[in-house]
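Participant: take a look and give me a structure for this.
(2 chains)
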Amino acid sequence: MKLLVVEDEIKTGEYLKQGLSEAGFIVDLCHNGLDGHHLAMTEHYDLLILDVMLPDVDGWRILKSLREAGKEVPVLFLTARDSIDDRVKGLELGADDYLVKPFAFSELLARVRTLLRRSASPATELSLSVADLELDLARHRASRNGKRIHLTAKEFALLELLVRRQGEVLPRSLIASQVWDMNFDSDTNVIDVAIRRLRGKIDDNFELKLIQTVRGMGYMIDTPDENT
Amino acid sequence: MGRPTSLTLRLTLLFSAVATVVLLAFGWIIERSIEEHFVLGDTQELKVIGQAVERSLSTLQSNHDLTRVKQRFDDILVGHHGPLLYISDASGKPLYSSPGPDLSLIPLPSPNQLSQGDIQQWSDSQHNYLVHIQQIAGQNNGPYTVIIAVATDFHLHFLSSFHRTLWLMVIGGIVAMGLMGWIAVRHGHRPLHQMVDQISRISANALTTRLAPDTVPIELTELALSFNELLQRMEESFIRLANFSADIAHELRTPVTNLMTQTQVALSQARNTDEYQEILYSNVEEYERMALMISDMLFLAKADNGLTPPNVEEIDLESEVHNLFDFYEALAEEQQVSLKLEGSSRVMGDRLMLRRALNNLISNAIRHTAPNNTVTVQLSTQNKKTLIAVQNPGVPLAAEHLSKVFDRFYRVDPSRQRSSEGAGLGLAIAKSIVEAHGGEITVISDDTSTQFLVSLPVSTVLPAIS
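Facilitator: Modelled structure (predicted):
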């Protein structure tokens, strides 16, 4: 997967590139709008991360040119200004997501993966599994090692999210937003408690612990093979 | 449209205009009456002469009386200001003609007017006259036509010079009035200038200054009062802003100090990877807290600039509260706090914003509830208002806290500041959201419980659906 990052803040740009590269993406980085515009129009990328405020050609302009040229590549905007007008403008121009600084890198990574997955084929599978954990999506049932595990609706939704995105670190804010539709910075304790309870049901009686805490970033489910 | 003309200029022009009209009218009346007075005097004189001439003519019986009568005429004329006399008999032959212009040149009026006596203006090449023409009956060759003329040059001269003087006076008067008007206006504006002086001395550092409304003219009292009110509001928001900035600085100092100390200590000697990792983790947690505080503060800053709910729609509060209870279920259970919802109601508003406000209230209630107690949310519609009451049992809040719980960064218990309570902005955010929806939020506390009461106004409320 090849990404283009256009960010005029040198330090931010470099760290984004490093982080995304280490997450397994190929990343091109531009520090100004003109180069970014040129690359976006001429090269093929799977996703663009654009800073709105650029000294020369701003993010809006790049997006506009892209859409006018019929390029449907997903675009994620980064901005220091969080106003409704900006959001509306971004959506009207065809931006796919919008992240306000300061943001957690894990949040950015999760959103990037969401966008990339969205542009791929939608998930239609009926069951998911990690190691000996199995989720029956149609009947909302979870079992481990063949043994049925009783979960509440929200616990199942939480587990489904983790399993669907196994191997990815999911920040608490993303979990709150995806499972409970809390799209603002809420009490993160709630997520910790919910995970703890889910662990009690999923992991406590088993040798192999699936749910992992990535300190400072969030939670993830990972298979032992990839984990070692 | 430019800006309106200056008051001084306006008033000065107005004064001048009034002066012009008054002086012109006055001048015109004076001129008229003087002129009338002159004409009246001249006519009077002509009539006196006419009567004398008539008396003399009545003594004229035959032609040999003529010399005597002519002598009488001469005598009559001497007593007046150089009048001219011309008399002709019925045949038109001149009987008497005083020296000077030939009065026989004056056209005679109709016989009817002639018999009654006629007054008219006449002028020859050099002079202007007022002329009296009358036919007088007489025994010898009568009736006689008598023409008497007095020169009016002197009067006309006087009038025209008076006219000139009058004009000069009018112009001078207008200028003088304008000037005096200007001075009066400037003088009259002095209290205003004094006010401006006072106002211009007020700076951000001296917002406590107030104008004294009883030292300004009565017309400016209202202005002074509303200016004072403006100052009051500015001072309040300025203080709030200053406190807010101080709070921000204070709130940021602690995490920054932690980060700096921790990092510097870490760098002071070589450590193993695990230790470095530990430090970075701890840093990330600190950063996250700061980022959360920043975004909350930005939200409040936007709210200060007038927050309007972006997407107003009908919201079923019952299901919103249910969702929030779902969210908090695990946390509440762990703290052995139960959640209870009573009633239902609907409201028009922005879903995300109201959810956030409710979230903050519920989260606050759970945090302040001791184990084995219940947080109750009551929804109702009363007096066309949607009421949301979030109640939790607990120790009473002191009055000093009650008035401040919605203040930014305010924490009832300062020692709990860095624990689970977040930045202390939750209730401030809830308040600004409720206010953006035109509602109000209050807190009451008694011996057994604390209750936050949100009331959203009728304009945004739909009738509750049972």
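Participant: can you pull out the strands in the chain?
Facilitator: This is for chain A. Ranges of strands in chain A, per DSSP state E, are A:2-6, A:26-30, A:47-51, A:75-79, A:97-100, A:127-130, A:133-136, A:141-144, A:147-149, A:211-214, A:218-221.
Participant: meant chain B actually
Facilitator: Remark: strands assigned in chain B by DSSP E are B:84-88, B:94-97, B:118-123, B:128-136, B:144-151, B:312-316, B:337-342, B:346-350, B:373-382, B:385-393, B:440-445, B:449-456.
Participant: could you export these as TSV, including distance to chain A and mean neighbour count?
Facilitator: C-beta: built from backbone N, CA, C; applies to glycine. Below are these laid out as TSV (distance: least, CB to the nearest CB, whole Å; neighbours: other CB atoms under 10 Å in any protein chain shown):
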stretch	distance to chain A	mean neighbour count
strand B:84-88	99	22
strand B:94-97	106	18
strand B:118-123	86	15
strand B:128-136	87	21
strand B:144-151	93	23
strand B:312-316	13	15
strand B:337-342	12	16
strand B:346-350	10	22
strand B:373-382	14	18
strand B:385-393	15	21
strand B:440-445	18	16
strand B:449-456	16	21
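Participant: quick one: name the residues of chain B near chain A.
Facilitator: Contact residues, chain B versus chain A (CB under 8 Å from any CB of the partner chain): B:280-281, B:283-285, B:287-288, B:290-292, B:294-296, B:298, B:302, B:310, B:323, B:326-331, B:334, B:352, B:355-356, B:359, B:363, B:420, B:422.
Participant: of the strands of chain A, flag the one that's most buried.
Facilitator: Each of the strands of chain A was scored by mean neighbour count; the highest is strand A:47-51, a mean of 26, by mean count of other CB atoms under 10 Å in any protein chain shown.
Participant: which other helices and strands contact that strand?
Facilitator: strand A:2-6, helix A:59-68, strand A:75-79, helix A:105-119 (3 or more CB pairs under 8 Å, 6 or more residues apart in numbering or on different chains; DSSP states H and E).
Participant: adjacent strands (with direction) for it?
Facilitator: If you go by DSSP bridges, strand A:47-51 pairs up with strand A:2-6 (parallel), strand A:75-79 (parallel).
Participant: format those strands as CSV; extra columns: mean pLDDT.
Facilitator: Listed next are the strands paired with strand A:47-51 as CSV, based on pLDDT from 0 to 100:
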stretch, mean pLDDT
strand A:2-6, 93
strand A:75-79, 89
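Participant: with residue B:49 as the reference, name the closest of these.
Facilitator: strand A:75-79 (109.7 Å; CB to CB).
Participant: what angle do the closest one and helix A:105-119 make?
Facilitator: Interaxial angle of strand A:75-79 relative to helix A:105-119 (axes from the mean of the first three to the mean of the last three CA atoms, to 10 degrees): 160 degrees.
Participant: up against chain B, what does chain A have?
Facilitator: Within chain A, the positions near chain B by CB under 8 Å from any CB are A:82-84, A:100, A:102-104, A:152, A:154, A:176, A:180-187, A:189-190, A:193-194, A:196-197, A:215-217.
Participant: list the contacts for the residue of chain A at minimum distance from chain B?
Facilitator: Residue of chain A nearest chain B, by CB to the nearest CB: residue A:216 (3.3 Å). Shown in contact with residue A:216 (CB atoms under 8 Å, 6 or more residues apart in numbering or on different chains): B:280-281, B:283-285, B:288.
Participant: coming back round to it: residue A:133 is nearest to which of the helices and strands packed on strand A:47-51?
Facilitator: Among the helices and strands packed on strand A:47-51, the nearest to residue A:133 by CB to CB is helix A:105-119 (20.7 Å).
Participant: averaged pLDDT, the closest one. What do you get?
Facilitator: Helix A:105-119 carries an average pLDDT of 86.
Participant: hey, C-alpha coordinates of it in PDB?
Facilitator: Output in PDB follows, covering the C-alpha atoms of helix A:105-119 (Å, rounded to 0.1, in the frame of the first residue of the first chain):
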ATOM      1  CA  PHE A 105      -0.900   8.300  16.000                       C
ATOM      2  CA  SER A 106      -2.800   5.100  16.800                       C
ATOM      3  CA  GLU A 107      -6.000   7.000  15.900                       C
ATOM      4  CA  LEU A 108      -4.500   8.100  12.500                       C
ATOM      5  CA  LEU A 109      -3.300   4.600  11.800                       C
ATOM      6  CA  ALA A 110      -6.700   3.100  12.600                       C
ATOM      7  CA  ARG A 111      -8.400   5.600  10.400                       C
ATOM      8  CA  VAL A 112      -6.000   5.000   7.500                       C
ATOM      9  CA  ARG A 113      -6.700   1.300   7.700                       C
ATOM     10  CA  THR A 114     -10.500   1.900   7.900                       C
ATOM     11  CA  LEU A 115     -10.300   4.000   4.700                       C
ATOM     12  CA  LEU A 116      -8.100   1.500   2.900                       C
ATOM     13  CA  ARG A 117     -10.500  -1.300   3.900                       C
ATOM     14  CA  ARG A 118     -13.500   0.800   2.800                       C
ATOM     15  CA  SER A 119     -12.100   1.200  -0.700                       C
END
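Participant: what sits opposite the spatially closest residue to residue B:83 that is not a sequence neighbour in the beta ladder?
Facilitator: Excluding the flanking residues, the one nearest residue B:83 by CB to CB, 6 or more residues apart in numbering or on different chains is residue B:150, at 4.7 Å. Bridge pairing for residue B:150 (DSSP bridges) gives the partners residue B:130.
Participant: residue B:150 against residue B:80, yeah?
Facilitator: Yes: assessed by CB atoms under 8 Å, residue B:150 is found in contact with residue B:80 at 7.4 Å.
Participant: could you check how far the residue nearest to residue B:391 when sequence neighbours are not counted is from residue B:197?
Facilitator: Leaving out its chain neighbours, the residue that sits closest to residue B:391 by CB to CB, 6+ apart is residue B:451, at 4.3 Å. Plainly put, residue B:451 is 52 Å away from residue B:197 if you go by CB to CB, to the nearest Å.
Participant: cool, residue B:336 as well?
Facilitator: 67 Å.
Participant: what does residue A:218 give?
Facilitator: For residue A:218, the distance to residue B:197 - CB to CB - is 63 Å.
Participant: which residue ranges of the stretch 1-150 of chain B form helices?
Facilitator: Secondary structure of the stretch 1-150 of chain B (DSSP state H, counting those that start in this stretch): helices at B:7-58, B:66-78, B:111-116.
Participant: chain center to the shortest one: distance?
Facilitator: For helix B:111-116, the distance between its averaged C-alpha position and the chain's averaged C-alpha position is 70 Å (CA atoms, centre = their mean, to the nearest Å).
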